[in-house]
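**Student:** Mind looking at a prediction? Sequence and model below.
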Amino acid sequence: MPVNYITTWFYRESKEEASFYPQLGKKGHSALVHSVYMQIQVPFFHTFRHCHPTARLVFFTNLAAAELPGYLQELFAELDVEVVCLPYACRPPKDWYAAWQNQFYLFDILRYMGRQMGPDDTLLVCDADCLCRRNLDPLFDAARRDGSALYEFITDPAARINGLRLPEMEQWYTGAFGTPPSRPLSYYGGEFIVLRADKVRAIAPLYEEVWRHNLDCRRHGRPTLNEEAHVMSVLAERLALRNATANAYVKRMWTSPQFNNVVPGDEQLAVWHLPYEKKRGLYRLYRDFRRGRAHLADGQAFWQRAGLLTGIPTIGLGKRLADRLVTLWMKLH
């Protein structure tokens with residue numbers, strides 16, 4: 001039978017290679033970053049396993065299994081999550097783009113999975129600051145049919161996305177391949193990528209070609225693809241994988257006081273991506289699970305509380321006050 005793989009990852013940076021994590025205000029080697037990313041694995045894997053009892057769940061990391069917190073080792077045994085200790089071969093040069101230099105670890109994961117997957121298998125690589133509300137089999141079936149199911153996040157040519165605009169990406173593409181893209185490029189969110197096995201395998205050799213050109217651009221002072229979603233957006237065009245299939249299932253939901261893009265109805269989406277909630281609502285859900293207070297079997301009650309803690313679809317006064325205390329604590333530490 002075809003297998004649906006659901007994976008996420010955490011790469012722990014050393015002090016020498018650490019880059020900046022804007023959402024946490026810290027560099028990647030800090031104890032805070034490490035603890036936050038370990039804690040959010042708990043609600044991630046609980047919700048994804050509940051909705052996918054037969055999927056293969058995999059956690060990628062450069063840590064040995066014995067280095068993981070005890071609560072994660074116990075959770076992974078309980079939920080049948082495979083831990084793969086994978087080195088970071090696709091790491092960019094040290095003085096690359098200042099933030100999220102661990103993001104190219106995605107391509108090590110894809111290279112590894114390309115060797116593991118059967119012909120009709122599908123792979124979801126998902127950020128760990130996500131919660132899954134319902135089964136994604138229809139999405140996997142779409143990727144099995146079309147080769148991919150992607151989250152089209154930005155199409156505005158004027159938007160600057162991590163140091164780069166879409167027209168600059170199009171110029172990069174033309175320089176790399178000698179031909180312009182078939183249509184204006186879109187930016188595909190790297191937090192949620194679903195691929196069929198043959199497309200996973202097609203990415204590895206093309207990534208090597210893309211990266212050589214990226215380094216050449218850097219040497220000559222031309223715009224570069226700064227992070228993994230830039231690269232995936234180019235690869236999606238080159239491999240004819242472009243679609244917005246995942247947009248019906250997932251949304252990057254910002255819940256900060258400065259920017260909130262959540263609207264009524266978003267709470268019905270299958271996957272909530274909650275980047276602002278790592279140290280807030282997702283941490284509170286982590287505590288619920290650790291204390292035995294989170295019960296996915298009672299779906300309505302669980303998701304009402306999850307929405308209350310994460311601000312989906314609205315942020316209540318209690319959450320505003322709790323979030324303010326977290327923000328003050330982070331400034332002091």
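**Tutor:** Cool, the structure landed.
**Student:** okay, CA-based contacts and neighbour counts for the rest of this
**Tutor:** Will do.
**Student:** Ala98: neighbour count?
**Tutor:** Per other C-alpha atoms under 10 Å, the neighbour tally for Ala98 reads 14.
**Student:** With Val234 as the reference, measure out to it.
**Tutor:** Ala98 sits 21 Å away from Val234, going by C-alpha to C-alpha, to the nearest Å.
**Student:** and what of Ala159?
**Tutor:** On the measure of C-alpha to C-alpha, Ala159 and Val234 end up 17 Å apart.
**Student:** neighbour-wise, which of those two wins?
**Tutor:** Val234 (25 against 13).
**Student:** Report the spatially closest residue to that one, excluding sequence-adjacent ones.
**Tutor:** Tyr173 (6.8 Å; C-alpha to C-alpha, 6 or more residues apart in numbering).
**Student:** what ranges do the helices span in the stretch 1-150 of the chain?
**Tutor:** Secondary structure of the stretch 1-150 of the chain by DSSP state H, counting those that start in this stretch: the helices cover 31-39, 41-51, 70-79, 105-114, 137-146.
**Student:** mind listing the strands in this structure by residue range?
**Tutor:** 4-10, 20-21, 26-27, 56-61, 81-85, 122-126, 130-132, 148-154, 160-161, 164-165, 187-196, 250-252, 271-273 (DSSP state E).
**Student:** Out of these, which is closest to Met113?
**Tutor:** Met113 lies closest, by C-alpha to C-alpha, to one member of the strands of the chain: strand 122-126, at 8.2 Å.
**Student:** Give me the contacts around that closest one.
**Tutor:** 2-8, 140, 143-144, 190-197 (C-alpha atoms under 8 Å, 6 or more residues apart in numbering).
**Student:** Export the strands of the chain to JSON lines and append columns for distance to Pro313 and mean pLDDT.
**Tutor:** Below are the strands of the chain laid out as JSON lines (distance: least, C-alpha to C-alpha, whole Å; pLDDT from 0 to 100):
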{"stretch": "strand 4-10", "distance to Pro313": "25", "mean pLDDT": "98"}
{"stretch": "strand 20-21", "distance to Pro313": "26", "mean pLDDT": "64"}
{"stretch": "strand 26-27", "distance to Pro313": "28", "mean pLDDT": "62"}
{"stretch": "strand 56-61", "distance to Pro313": "28", "mean pLDDT": "98"}
{"stretch": "strand 81-85", "distance to Pro313": "30", "mean pLDDT": "98"}
{"stretch": "strand 122-126", "distance to Pro313": "22", "mean pLDDT": "98"}
{"stretch": "strand 130-132", "distance to Pro313": "14", "mean pLDDT": "98"}
{"stretch": "strand 148-154", "distance to Pro313": "19", "mean pLDDT": "98"}
{"stretch": "strand 160-161", "distance to Pro313": "25", "mean pLDDT": "96"}
{"stretch": "strand 164-165", "distance to Pro313": "30", "mean pLDDT": "97"}
{"stretch": "strand 187-196", "distance to Pro313": "20", "mean pLDDT": "98"}
{"stretch": "strand 250-252", "distance to Pro313": "12", "mean pLDDT": "98"}
{"stretch": "strand 271-273", "distance to Pro313": "11", "mean pLDDT": "98"}
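**Student:** mind giving me CSV with those and columns for distance to Tyr286 and mean neighbour count?
**Tutor:** Below are these laid out as CSV (distance: least, C-alpha to C-alpha, whole Å; neighbours: other C-alpha atoms under 10 Å):
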stretch, distance to Tyr286, mean neighbour count
strand 4-10, 17, 22
strand 20-21, 21, 16
strand 26-27, 21, 20
strand 56-61, 17, 20
strand 81-85, 17, 17
strand 122-126, 18, 24
strand 130-132, 12, 25
strand 148-154, 26, 23
strand 160-161, 31, 14
strand 164-165, 35, 18
strand 187-196, 20, 23
strand 250-252, 20, 22
strand 271-273, 15, 22
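**Student:** right, and these - which one's nearest Leu241?
**Tutor:** Of the strands of the chain, the one closest to Leu241 (C-alpha to C-alpha) turns out to be strand 148-154, at 5.8 Å.
**Student:** Which elements pack onto the closest one?
**Tutor:** helix 137-146, strand 187-196 (3 or more C-alpha pairs under 8 Å, 6 or more residues apart in numbering; DSSP states H and E).
**Student:** now do 10 Å
**Tutor:** Packing partners of strand 148-154 (3 or more C-alpha pairs under 10 Å, 6 or more residues apart in numbering; DSSP states H and E): strand 122-126, helix 137-146, strand 187-196, helix 197-219, helix 228-238, strand 250-252.
**Student:** Now do the buried residues in the second one.
**Tutor:** Using 16 or more other C-alpha atoms under 10 Å as the burial criterion, the residues of helix 137-146 that qualify are 139-144, 146.
**Student:** hmm, back to that, need the strands of the chain in JSON lines with distance to Ala244, can you?
**Tutor:** Output for the strands of the chain, formatted as JSON lines (distance: least, C-alpha to C-alpha, whole Å):
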{"stretch": "strand 4-10", "distance to Ala244": "19"}
{"stretch": "strand 20-21", "distance to Ala244": "27"}
{"stretch": "strand 26-27", "distance to Ala244": "33"}
{"stretch": "strand 56-61", "distance to Ala244": "24"}
{"stretch": "strand 81-85", "distance to Ala244": "29"}
{"stretch": "strand 122-126", "distance to Ala244": "15"}
{"stretch": "strand 130-132", "distance to Ala244": "19"}
{"stretch": "strand 148-154", "distance to Ala244": "5"}
{"stretch": "strand 160-161", "distance to Ala244": "18"}
{"stretch": "strand 164-165", "distance to Ala244": "19"}
{"stretch": "strand 187-196", "distance to Ala244": "9"}
{"stretch": "strand 250-252", "distance to Ala244": "11"}
{"stretch": "strand 271-273", "distance to Ala244": "15"}
